[in-house]
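> A structural model of the following input is requested.
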Amino acid sequence: MARKTRFGAPASPAERDAARARWRGLARNRPADVQEPGPGEESVWDYPRPPRLELCHRHVEVKCGGSIVAETTRPFRVCETASPPVYYVPASDVQTHMLVRASRDSFCEWKGVASYWHVQTDSETVDHAGWSYAAPDRGFERLAGAIAFYPGKLECFVDGERVTPQAGDFYGGWVTHEIVGPFKGEPGSEGW
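Numbering: from 1, shown residues only. Now for the predicted structure:
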């Protein structure tokens, strides 16, 4: 019997392969209102599926009530069709003493099983504010231990710009001025 994650997602290698195959075979319904990127802009509709993992050298900062939770100039960025990039901060650049392991897990067809984290400062606790992959699946091994944070729950910045959170409760994409959509998570995007 295959092990299931907290939300009943497939955890065995065969179940993961089947889930990946379903995503690869899914038609990429490109909405009619896709914005054409201008100079220096990126369209999320030019991102691949399966997603692409990139090391970048942007200044990423995450704060909770004024306290710095994470800061790096060597984040990883995951870019996937229809979603704004998600930034992952190496654990060595995170104030890990501010993280408390949550009991929640989830499953990504590409990256594997994710664990969730609460962020706790002297004055507040933000539940399920970030997630990580302890043992990411093939192709995403460099994410092992790196933490991604929800910009809808914390104050997140890229090169000094305050990030706008991706719509929806599930997605954790970081919208900055150079990213154009429309984005998965917005009303009517369920089939993307």
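> make it CA atoms for all contacts and neighbour counts henceforth
Will do.
> can you give me the helices for this structure?
13-25 (DSSP state H).
> Poorly predicted segments of it, please.
1-11, 23-29 (pLDDT under 70).
> Please name the residues that touch the spatially most central residue of the chain.
The residue lying closest to the centre of the chain (C-alpha atoms, centre = their mean) is Val86, at 3.8 Å. Counting by C-alpha atoms under 8 Å, 6 or more residues apart in numbering, Val86 touches 77-79, 148, 172-174.
> Check Glu190 too.
Lys184.
> pretty sure Glu42 contacts His177?
No - counting by C-alpha atoms under 8 Å, His177 is not a contact partner of Glu42; they are 9.6 Å apart.
> Distance from the chain centre to stretch 39-51, please.
15 Å (C-alpha atoms, centre = their mean, to the nearest Å).
> end to end, how far does that stretch reach?
Using C-alpha to C-alpha, to the nearest Å, the gap from the first to the last residue of stretch 39-51 comes to 23 Å.
> again with stretch 87-99
Span of stretch 87-99 from end to end, C-alpha to C-alpha: 17 Å.
> For that stretch, buried residues please.
Neighbour-count burial for stretch 87-99 flags 87-91, 93-94, 98-99 (criterion: 16 or more other C-alpha atoms under 10 Å).
> Number of residues surrounding the closest residue to Glu141 other than its chain neighbours?
The shortest distance from Glu141 to any non-neighbouring residue, by C-alpha to C-alpha, 6 or more residues apart in numbering, is to Ala135 (7.1 Å). Per other C-alpha atoms under 10 Å, the neighbour tally for Ala135 reads 16.
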